[in-house]
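>>> I'd like to go over a predicted model; first the sequence, then the structure.
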Amino acid sequence: MSQPFTDDKTPLVTPFILSLLAAHPPSPPRPLVIGLNGLQGIGKTTLVTSLARSLPADHHRTTLVLSIDDFYLPHDRQLALAASHPTNLLVQTRGEPGTHDLALANRVFASLLAGEETRIPQYDKAAFSGRGDRLSESEWPIVNRPGEPRVEVVILEGWCVGFRALEHADLEAKWRGESLTLRMHPLEHLELINDFLRGYDALTDLLDGFVHIDAEDLAYVYAWRGEQEAALRRERGTGMSEEEVVRFVDGYFPAYELYCDGVRKGVLRAKGEGRQLKIVVGRDRRVKESCTI
């Protein structure tokens, strides 16, 4: 049975963001950029929804939430990527590093950081029978219009936000060591994802602060996703079976096993201490501990 969910993270994250804002150079137009990473089902959506509502309403800070998902490659380019690596299961569907349009993401962030009027990409995960596609640019919302308040806080959330590539020797050592899913894939397939991930550094380096919602055990993600799908089956009569849930999470789990340790050590240490908030939750998704690093 799904555990009752209580948002006990917003009271921790809000003062963290406000403290970074207080130290942020006041000269407009550059907004404060926060990265937010967490496992699937850990409560990211609830948290960012709360922040998007409370920061403007309670603290008068115009806030924009972006999802890394909205930068997925359009349908035709995703198919081309899959076809170019037909035996690599990690790129046959969207999700892993390499399946995002980094050129688009960099353009959007350059515009936001300059305080310019900016169209925000939107992605329809239901298109093409669930394979997904980007919406037409005419359907993208616009921020920073003339006469409107400029965005002061940008939150980029996603399961792989903040991941940084490993050196080859470290990648191979993890692949040869104990893991749940890494040996399901040839080493060269993981190396492809690792090489793609190097291109994400430009986005990560833009971050002024980082929030990492961690779990006492990474394997909780299987149970959390299973609970979500069980609820969908009860409420709507549709949803992935237990076996399908395992296969779905298996597609993401290698990256968790490879890169979460790096996030735990600190994504922004080069910018100084105190810029990353670490929140650890238990099986019930309630906060067990928190600290800044």
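Now that the structure is in, tell me what you want to look at.

>>> max-length helix in this structure?
Criterion DSSP state H: the longest helix present in the chain is helix 242-265.

>>> what comes into contact with it?
Applying CB atoms under 8 Å, 6 or more residues apart in numbering, the contact partners of helix 242-265 are 37, 39-40, 89-90, 93, 95-97, 159-160, 162-164, 166, 171, 174, 179-182, 184-185, 190, 193-194, 197, 212, 214, 218, 221-222, 225-226, 229, 240, 278. Heads up, the C-betas are built off the backbone N, CA and C, glycines and all.

>>> Counting neighbours, which bits of it end up buried?
Of all the residues in helix 242-265, those buried under the rule 16 or more other CB atoms under 10 Å are 245, 248-249, 251-260, 263.

>>> number of nearby residues for the residue nearest to residue 149 when sequence neighbours are not counted?
Spatial nearest neighbour of residue 149, chain neighbours left out: residue 62 (4.5 Å); criterion: CB to CB, 6 or more residues apart in numbering. Residue 62 has 16 neighbours, counted by other CB atoms under 10 Å.

>>> what's the spacing between the longest helix of the chain and its chain's center?
Relative to its chain's centre, helix 242-265 lies at 13 Å (CA atoms, centre = their mean, to the nearest Å).

>>> ok, residue 82 - contacts?
Listed by CB under 8 Å, 6+ apart, the contact set of residue 82 reads 91-93.

>>> for residue 229, that is, sorry about that
So residue 229 contacts 239-242, 244-245 (CB under 8 Å, 6+ apart).

>>> What is the nearest of the buried residues of helix 242-265 to residue 7?
Closest approach to residue 7 among these (CB to CB): residue 263, at 21.7 Å.

>>> from the buried residues of helix 242-265, which is closest to residue 52?
Using CB to CB, those come closest to residue 52 at residue 263, 22.7 Å.

>>> Which parts of the stretch 1-150 of the chain are strands?
Applying DSSP state E, counting those that start in this stretch to the stretch 1-150 of the chain gives strands spanning 32-38, 63-67, 118-119, 123-124, 133-134, 142-143.

>>> averaged over its residues, what pLDDT does the longest one have?
With pLDDT averaged residue by residue, strand 32-38 scores 97.

>>> Sheet-wise, list the partners of that strand with their directions.
strand 153-157 (parallel), strand 209-215 (parallel) (DSSP bridges).

>>> shaky segments in the protein?
Along the chain, the parts satisfying pLDDT under 70 run over 1-5, 27.

>>> residue ranges of the helices in it, please?
Using DSSP H, the helices found in the chain span residues 10-23, 44-59, 75-84, 102-113, 168-176, 187-197, 201-204, 220-236, 242-265.

>>> What is the first one packed up against?
With contacts defined as 3 or more CB pairs under 8 Å, 6 or more residues apart in numbering; DSSP states H and E, the packing partners of helix 10-23 are strand 32-38, helix 44-59, strand 209-215, strand 276-281, strand 287-292.

>>> Redo those as a markdown table? Include distance to residue 152.
As requested, the helices and strands packed on helix 10-23 are exported to a markdown table (distance: least, CB to CB, whole Å):
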| stretch | distance to residue 152 |
| --- | --- |
| strand 32-38 | 7 |
| helix 44-59 | 8 |
| strand 209-215 | 13 |
| strand 276-281 | 19 |
| strand 287-292 | 21 |
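
>>> and of the ones you listed, who's closest to residue 136?
Residue 136 lies closest, by CB to CB, to one member of the helices and strands packed on helix 10-23: helix 44-59, at 23.8 Å.

>>> Now do the closest one against strand 209-215, angle only.
For helix 44-59 against strand 209-215, the angle by axes from the mean of the first three to the mean of the last three CA atoms, to 10 degrees is 140 degrees.

>>> Buried residues, helix 44-59. List them.
Residues of helix 44-59 classed as buried by neighbour count (16+ other CB under 10 Å): 44, 47-48, 50-51, 54-55.

>>> Next, format the residues you listed as CSV and append distance to residue 235.
Rendered in CSV, the data for the buried residues of helix 44-59 read as follows (distance: CB to CB, whole Å):
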residue, distance to residue 235
44, 21
47, 22
48, 23
50, 23
51, 26
54, 28
55, 31
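
>>> quick one: which of those is nearest residue 81?
Distances from residue 81 to those, taken by CB to CB, are shortest for residue 44, at 25.2 Å.

>>> Select, out of the strands of the stretch 1-150 of the chain, the one closest to residue 284.
strand 32-38 (15.1 Å).
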